[in-house]
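Enquirer: got a predicted structure plus its sequence, pasted below:
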Amino acid sequence: MKWKSEDYWVSHYNFRKTLELPKVRFHDTTFRDGEQQPGVVFTSDEKLKIGTMMSEIGIDRIEGGMPLVSEDDKKAVKMLANAGLDAEIFAFTRCMKEDVETSVACDVDGVIMEVPSSGHLIGDAYEWSEEKAKQLAVEATAYAHDHGLYVSFFCIDLSRADAEWALDIIGAVAEEGHMDALNVVDTFGALSPEGMAELVMMLKNAFRVPIEVHTHNDFGLAVANTIAAVKAGAEVVHTTVNGLGERSGNASFEETAMCLKVLYGQEIDLDFSRFKELSDAVEKASGVKKAPNKPIVGNELFSIESGIVAGWWKTLEKKNRALTMFPYHWTLVGQDPPRIVLGKKSGLASVLYWAEKLGIALSEEEARKILIEVKNTSIRKKGLLTEKEFKAIVEKVR
């Protein structure tokens, strides 16, 4: 059954229809677009350490950064490119020859080449003519190709661009410049999944190159839009670890990968058991704390406070039937086992679980009195109880 295995148990409705999805490759942009989250700085050593982990996990491509940003960025990109990793190393560049030359000097495999593709952004923000944007894109992409680089053409704000103009500039690059792949870029998170699918299909029909997708999370749809793009034929997904990125962030690597594997039954060649390890490393290096309930990698995903749910776990743990109450097993993504915590929402099962764990024999009357104290203590402190606090309550009641 595609919806159930030793590692996960999701809904059979996901598989009522057969979907033919392309083989997906992962392009990580944590070190470039993720680092654009205000205040985030990855050192070259951190990029090498985390990049090595990404490659070991199986991420196909790593965007090391934009070499022109700083000498340290240039150093980091070059270090990654010469580290002997299995992952391909890309640099992010403007459609300018000097950017290409800097990237070539960094020994990268390819470049993500950006140009504004919406008339309003070209005119209002860049203060260029549309013809200038087109000319730069054509000349720079051809120049990059001539220097042996794989070119992923990255159209900023493509999702809000006038369709006729967007097709014009992309067509010019395809005919007069060069693109090995076309990046569907939802710079401001402005697409719905349905809109993303329509845009990808339009571009696939117009241009015979692989489609990549790069989304932002302004409406909480970055992952959904990425998957919609894959369903429409996109072959490369741009993601960041922990969904790091400016404004509301980018498509989360771990969420995208898990959705494709578990909810869509795709063969994803990644070491999922190291997802939590990678997430923690990026959290530490970036200084950006992830939400405790963040899907896949949150630190409290398998913490149980509710008395009813604690009762379930107390029974199911003994039967080794964890997937009766979880959609995936914690070991699949490198999480710690479930734990029952004590707080305002605890029930009698929670108290008895902790008493058994600590080797304390309680009567039912004692357990009920302890539960009342546990709830009152949690309300007073507005949080969970420590083991020390629980023991103190037990001593007080007994």
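Expert: Perfect, I can see it now. Note that the structure is a prediction, hence the values are computed from the model and not measured. Residues are numbered from 1 along each chain as shown.
Enquirer: could I have stretch 221-232 exported to CSV, CA atoms only?
Expert: Below are the C-alpha coordinates for stretch 221-232, written out as CSV (Å, rounded to 0.1, in the frame of the first residue of the first chain):
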residue,chain,number,x,y,z
LEU,A,221,1.7,28.3,0.0
ALA,A,222,5.4,27.9,-0.9
VAL,A,223,5.4,24.1,-0.5
ALA,A,224,2.0,23.7,-2.0
ASN,A,225,3.0,25.8,-5.0
THR,A,226,6.2,23.9,-5.4
ILE,A,227,4.3,20.6,-5.5
ALA,A,228,1.8,22.1,-7.9
ALA,A,229,4.7,22.9,-10.2
VAL,A,230,6.0,19.4,-10.0
LYS,A,231,2.6,18.0,-10.8
ALA,A,232,2.6,20.3,-13.9
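Enquirer: mind listing what's buried along that stretch?
Expert: Leu221, Ala222, Val223, Ala224, Asn225, Thr226, Ile227, Ala228, Ala229, Val230, Lys231, Ala232 (16 or more other C-beta atoms under 10 Å). (Glycine included, C-beta is placed from N, CA and C.)
Enquirer: could you list the domains of this protein?
Expert: Here the domain parsing of the chain from automatic domain parsing is 12-286, 303-397.
Enquirer: mean confidence score for the last one?
Expert: Looking at domain 303-397 alone, the average pLDDT works out to 95.
Enquirer: for the chain, what helix or strand is lowest in average pLDDT?
Expert: Lowest by mean pLDDT, DSSP states H and E among the helices and strands of the chain is helix 119-120, with a mean of 62.
Enquirer: for the next helix or strand after that helix, buried residues please.
Expert: Per DSSP states H and E, helix 119-120 leads on to helix 130-146 as the next helix or strand towards the C-terminus. Neighbour-count burial for helix 130-146 flags 130, 133-145 (criterion: 16+ other C-beta under 10 Å).
Enquirer: okay, the domains of the chain in TSV with distance to Met1 next?
Expert: As requested, those are arranged in TSV below (distance: least, C-beta to C-beta, whole Å):
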stretch	distance to Met1
domain 12-286	7
domain 303-397	12
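Enquirer: name whatever forms a beta bridge with the residue nearest in space to the middle of the chain.
Expert: Here the mean C-alpha position of the chain is nearest to the C-alpha of Ser252 (C-alpha atoms, centre = their mean), at a distance of 1.6 Å. For Ser252, the residues forming beta bridges with it (DSSP bridges) are Thr240.
Enquirer: that one contacts Gly243, correct?
Expert: Yes. At 3.6 Å, Ser252 and Gly243 qualify as touching, with contact defined as C-beta atoms under 8 Å.
Enquirer: what residues does the one helix or strand Leu80 maps to touch?
Expert: Counting by DSSP H and E, the secondary-structure element that holds Leu80 is helix 71-81. With contacts defined as C-beta atoms under 8 Å, 6 or more residues apart in numbering, helix 71-81 is touched by 31, 42-44, 47-48, 51, 62, 64-68, 89, 91, 102-103, 105-109.
Enquirer: just the buried subset of those residues, please.
Expert: The neighbour count (16+ other C-beta under 10 Å) marks 31, 42, 44, 47-48, 51, 62, 64-68, 89, 91, 102-103, 106, 108 as buried among the contacts of helix 71-81.
Enquirer: where does Val200 sit: helix, strand or coil?
Expert: Under the three-state scheme (DSSP: H, G, I helix; E, B strand; the rest coil), the conformation of Val200 reads as helix.
Enquirer: report the contact partners of it.
Expert: Each residue near Val200 by C-beta under 8 Å, 6+ apart is listed here: Val184, Ile211, Val213, Ala228, Ala229, Ala232, Gly233, Ala234.
Enquirer: Leu316 belongs to a helix?
Expert: Yes. Using three-state DSSP, the secondary structure at Leu316 is a helix.
Enquirer: ok, it - contacts?
Expert: Contacts for Leu316 were tallied using C-beta under 8 Å, 6+ apart; they are Ala322, Thr324, Met325.
Enquirer: compare the residues you listed and tell me which is most surrounded.
Expert: The most crowded member of the contacts of Leu316 is Ala322, carrying 18 neighbours; neighbours defined as other C-beta atoms under 10 Å.
Enquirer: surely it touches Leu332?
Expert: No. Judged on C-beta under 8 Å, Ala322 makes no contact with Leu332 at a distance of 10.9 Å.
Enquirer: now the common contact residues for these two.
Expert: Common contact partners of Ala322 and Leu332 (C-beta under 8 Å, 6+ apart): none.
Enquirer: I'd like to know which elements whichever strand or helix holds Val223 is packed against.
Expert: Assigned by DSSP H and E, Val223 belongs to helix 222-231. Using 3 or more C-beta pairs under 8 Å, 6 or more residues apart in numbering; DSSP states H and E as the contact criterion, the neighbours of helix 222-231 among helices and strands are helix 193-206, strand 211-215, strand 236-239, helix 253-258.
Enquirer: compare those and give me the one nearest Phe390.
Expert: Each of those was checked against Phe390 via C-beta to C-beta, and the shortest separation belongs to helix 253-258, namely 33.1 Å.
Enquirer: please, which helix or strand holds Leu21?
Expert: Using DSSP H and E, Leu21 maps to neither a helix nor a strand.
Enquirer: so what's the residue count around it?
Expert: A count of neighbours around Leu21, defined by other C-beta under 10 Å, yields 17.
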